[in-house]
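K.L.:
Need coordinates for the below:
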Amino acid sequence: MTTDLRARAEALGQTLPPLLAEAEMLAATVMLGEHGRRRAGLGDEFWQYRPAHGGDGARMIDWRRSARSDAHFVREREWQAAQSVTLWVDPSKSMGFTGDKARPPKADRARLLALALAVLLLKGGERVGLSGQTPPRSGRPQIVRLAAQLADMGEGADYGAPMADGMVGHGRAVFLSDFLGSLEAVEAALGRASDRGVKGVLVQVLDPAEEEFPFDGRTIFESMGGSLQHETRKAGDLRTRYLARLAERKDRLAGLARAVGWHFSTHHTGAPAQGALLWLFRALEGGR
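P.N.:
Alright, predicted model coming up:
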């Protein structure tokens, strides 16, 4: 399971750089999957040579490069300041839902997105961790750790409550969930994150059936854990009220995110994962 999830996530990650190259916001900062900042400063990677300016000390001159021309050049390194990104993936039973066997359960899509994001961030030199499990670290061994933990998450309660544990002050965070549980729990987690100066992203993962409510006639609705159940003879009569409440919940989530400087988006398991992964990158970059 771990190997399969990791392979799928890395395959997804490898398809993303061409998409990022087309995105105006990231075109200048992403190259072949790298997540560099591409400006001069402290770092180990060579960036560019530039002509020396008045005020540049003799120690800054690259004399070997300057010897090949009539001008003096300074060797600049790329500015690198690794960010710490903490991921929380909802382990609740509700995430196991799928309205069609041809679609993955919400949990599978959320874990895939989380690991693919981790692969790309770690390749770019960032530190990535899982809330409540593994503190943010850098390097390829972290991918293996994250893959093992994501593949062995198990199931929690019927509905999940985001965890703000282990977040690094002034770092970044990503919450992936259907957010069908308590919104008070979401608000509390966002408050704790905000108190630590953490900016981030909420990604609501839903099955298309949860968006469309394609039910009619006699239907028994039951939560994935079995704690809630409702039977009706006219499911179609509930559609309008259900869709209104779902829209209200989305508006509330967007408002909670906006209030603390976070981003919010909904992703459907019937849609390609690449679009959600691209949006995640752009949202994280926008929070810098």
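
K.L.:
Now S84: phi and psi?
P.N.:
Backbone torsions for S84, taken as degrees, to the nearest 10, come to phi -100, psi 120.

K.L.:
how deep is it tucked in, by neighbour count?
P.N.:
Counted with other C-beta atoms under 10 Å, residues neighbouring S84 total 22. C-beta coordinates here come from the backbone N, C-alpha and C atoms, glycine included.

K.L.:
That one: what's it in contact with?
P.N.:
By C-beta atoms under 8 Å, 6 or more residues apart in numbering, the residues touching S84 are 126-129, 136, 168, 171-172.

K.L.:
Pairing partners for it in the sheet, please.
P.N.:
R127 (DSSP bridges).

K.L.:
So that it lines up with my notes, have the first residue be 10 from now on.
P.N.:
Sure, I'll start numbering at 10, so the last one becomes S93.

K.L.:
P281 versus that one, what's the distance?
P.N.:
29 Å (C-beta to C-beta, to the nearest Å).

K.L.:
same question, G264
P.N.:
For G264 relative to P281 (C-beta to C-beta), the value is 28 Å.

K.L.:
hey, C-alpha coordinates of stretch 209-217 in PDB?
P.N.:
Extracted in PDB, the C-alpha atoms of stretch 209-217 (Å, rounded to 0.1, in the frame of the first residue of the first chain):
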ATOM      1  CA  GLY A 209      -2.300  28.100   4.900                       C
ATOM      2  CA  VAL A 210      -5.000  26.400   2.800                       C
ATOM      3  CA  LEU A 211      -8.300  24.500   3.400                       C
ATOM      4  CA  VAL A 212      -9.100  22.000   0.700                       C
ATOM      5  CA  GLN A 213     -12.600  20.500   0.900                       C
ATOM      6  CA  VAL A 214     -12.600  17.100  -0.800                       C
ATOM      7  CA  LEU A 215     -16.100  16.000  -1.800                       C
ATOM      8  CA  ASP A 216     -17.600  13.200  -3.900                       C
ATOM      9  CA  PRO A 217     -19.800  14.500  -6.800                       C
END
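
K.L.:
What residues of that stretch count as buried?
P.N.:
Using 16 or more other C-beta atoms under 10 Å as the test for burial, stretch 209-217 gives 209-216.

K.L.:
swap in stretch 185-194?
P.N.:
185-190.

K.L.:
same check, this time on stretch 146-155
P.N.:
By neighbour count with 16+ other C-beta under 10 Å, stretch 146-155 contains the buried residues 151-152, 154-155.

K.L.:
go on, stretch 264-278?
P.N.:
265-266, 271-278.

K.L.:
what about V137, how many neighbours?
P.N.:
31.

K.L.:
quick one: it and L96 touch, right?
P.N.:
Yes. Judged on C-beta atoms under 8 Å, V137 makes contact with L96 at a distance of 6.8 Å.

K.L.:
For the residue nearest to S186 when sequence neighbours are not counted, give me its contacts.
P.N.:
Counting by C-beta to C-beta, 6 or more residues apart in numbering, D99 is the residue found nearest to S186 once chain neighbours are left out, at 3.5 Å. Residues in contact with D99 (C-beta under 8 Å, 6+ apart) are 116, 119, 169, 171, 184-187.

K.L.:
and the residues you listed, which of them are in helices?
P.N.:
Among the contacts of D99, the members falling in helices (DSSP state H) are 116, 119.

K.L.:
mind putting the contacts of D99 in a markdown table, distance to R77 and pLDDT included?
P.N.:
Shown next, in a markdown table, are these (distance: C-beta to C-beta, whole Å; pLDDT from 0 to 100):
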| residue | distance to R77 | pLDDT |
| --- | --- | --- |
| A116 | 58 | 90 |
| A119 | 53 | 91 |
| G169 | 60 | 86 |
| P171 | 56 | 91 |
| F184 | 52 | 97 |
| L185 | 52 | 96 |
| S186 | 57 | 96 |
| D187 | 60 | 95 |
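
K.L.:
With that, I have no additional questions.
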